[in-house]
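Trainee: model this:
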Amino acid sequence: MTRLILASSSKARFTMLKNAGVDCEAIASMIDEEGYKQSMKAEGAKAAEAAETLAEMKALRMYRQQPDGIVIAADQMLECNGIWFDKPRDRDNTRAQLLALRGKTHQLVSAAVVYKEGSRIWGKIDTAHLTMRNFTEEWLDDYLDACGDEIYNCVGGYQLEGLGAQLFTEVRGDFFTVLGLPLLPLIGFLRDHGILKS
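Mentor: Sure, this is the predicted structure:
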């Protein structure tokens, strides 16, 4: 039986895999994400490059801790007009982020890699484009009241699978990519390599 490890504390990614029939265990891979992001941004990296690099670093760190498993790692970046957005810290930060994104189209880049025996054996980067409507500040306050602290775990401060759907007028791209994982290509890879039944 192949031991699959999701190197993440993300409930959304773990739930996606479990719901799709991928039996894995989730173990958080602790790296200095903020430090690496700042360094890559200063070096002129693109959001996609940053997402892929962070996913690779999480996978490698987890492999060193769990060398007997096949490691899946992922990362997601939100970019709007050259600005990178992170998971919001609190209500005020969430409010400020959503106001900054209001009426604009932003990109969500999700990257995933698979490591086995210390080497990368697969990787995928996918991008979705989301257009946020011109909501009122009164509506925004009601939204923040309804969502609670849960949205602080989501880059951009929204969950498209929930009330966050009301923030948008258009979403172009894969739904799973928006949630944080290029799921269908990953499942295809696992199937092609005999990790899932074909």
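Trainee: from the contact counts, what lies against the helix or strand of the chain with the lowest mean pLDDT?
Mentor: Ranked by mean pLDDT, DSSP states H and E, the weakest helix or strand in the chain is helix 33-42, scoring a mean of 89. Contacts defined by 3 or more Cβ pairs under 8 Å, 6 or more residues apart in numbering; DSSP states H and E place helix 33-42 against helix 47-65. Any C-beta I mention is one placed from the backbone N, CA and C, and that applies to glycine too.
Trainee: could you give the separation of the helix it packs on from the chain centroid?
Mentor: Here helix 47-65 is found 12 Å from its chain centre; the criterion is Cα atoms, centre = their mean, to the nearest Å.
Trainee: so after that helix, what's the next helix or strand?
Mentor: Downstream of helix 47-65, the next assigned helix or strand under DSSP states H and E is strand 70-80.
Trainee: between helix 33-42 and that next one, find me the angle.
Mentor: On the basis of axes from the mean of the first three to the mean of the last three Cα atoms, to 10 degrees, strand 70-80 is oriented at 60 degrees to helix 33-42.
Trainee: residues of the least confident helix or strand of the chain that come out buried?
Mentor: 36-37, 40 (16 or more other Cβ atoms under 10 Å).
Trainee: likewise stretch 47-64?
Mentor: 47-63.
Trainee: could you do stretch 134-154 as well?
Mentor: Neighbour counts over stretch 134-154 (16+ other Cβ under 10 Å) mark 135, 140, 143-144, 147, 151, 154 as buried.
Trainee: before we move on, what about stretch 191-198?
Mentor: Applying 16+ other Cβ under 10 Å to stretch 191-198 flags 195-196 as buried.
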